[in-house]
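Visitor: Kindly generate the corresponding structure for this input.
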Amino acid sequence: MCWRTSYARVEALERRSRTLLIGIDGPGGSGKSTLARELAGLLDDATIIEFDDFYRSADERRLRSRGDADEIGGDFDWPRVLRSGTQPLAVNEAARYQRYDWDRDQLAEWHVVAPGGVVIVEGNYSTRDELRVYYDLTIWVDAPYDVRLRRGVERDGEVSRARWVNEWMPQEERLYRCVSAGRTRRHCHRRRRSNPRARPPEGAQPGMKANT
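Guide: Next comes the predicted model:
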């Protein structure tokens, strides 16, 4: 079934509340943000909540690293997504959250998303077990290692290459190889692979990234 046909069926999906909640997950550079924008553009009254807006500040990440918090993907404040995003919308209340400013490393302006219409939550770890139960539709997006790395560096600049290769991609690989990650992929209702004919470079290990 082509994706445009799939889009036409999305709004007809049975929803558990006034808001049709969609989660789009997958490794960094796989095309999640692109798909979310395409989907929002084809649907009426669609809003995108970016998981990147819930990244933890450097101080929070340091505090977690000093403790026993070795949670994969824990640099993203998924409990904040839960309590200020998916949970309120699931009971027909507005989502209210502050966007994380990556340049200033601090929380910035507030965003309010009224219940109703379609809300797309997109980003790495967005369909983890604790959040998946709130979605009416989940989509997994993937792409080969070299494609994802190239896209990430093109977007974030050459200065980001080391973090992609040594930090973000290995951390995602840890998650997606574990049992819970297997559930994440298997439990998604739809899967999409971009540029499937591309191949990882010689000697490269498959990996993924922490912000789309």
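Visitor: Nearest spatial neighbour of the most centrally placed residue in the chain, chain-adjacent residues omitted?
Guide: Closest to where the C-alpha atoms of the chain average out (CA atoms, centre = their mean) is Gly123, at 1.2 Å. Using CB to CB, 6 or more residues apart in numbering and skipping the chain neighbours, the partner closest in space to Gly123 is Phe51 (2.4 Å). (C-beta placed from N, C-alpha, C; glycine too.)
Visitor: how far away is that neighbour from Tyr100?
Guide: Distance from Phe51 to Tyr100, counting by CB to CB, to the nearest Å: 10 Å.
Visitor: More neighbours: the two, which one.
Guide: Counted by other CB atoms under 10 Å, Phe51 and Tyr100 do not tie: Phe51 has more neighbours, with 27 against 21.
Visitor: Surely that one touches Leu82?
Guide: No - counting by CB atoms under 8 Å, Phe51 does not reach Leu82; the two are 11.8 Å apart.
Visitor: mind checking the backbone torsions on Gln98?
Guide: Here is the backbone geometry of Gln98 (degrees, to the nearest 10): phi -100, psi 140.
Visitor: Identify the bridge partners of it.
Guide: Trp110 (DSSP bridges).
Visitor: List phi and psi for Ser65.
Guide: Torsion angles, degrees, to the nearest 10, at Ser65: phi -70, psi -30.
Visitor: Give me the pLDDT value at it.
Guide: Predicted confidence (pLDDT) for Ser65: 78.
Visitor: now the helices: where do they sit in this structure?
Guide: Using DSSP state H, the helices of the chain run over 3-10, 32-42, 58-66, 78-81, 87-90, 129-132, 145-156, 161-163, 169-177, 179-187.
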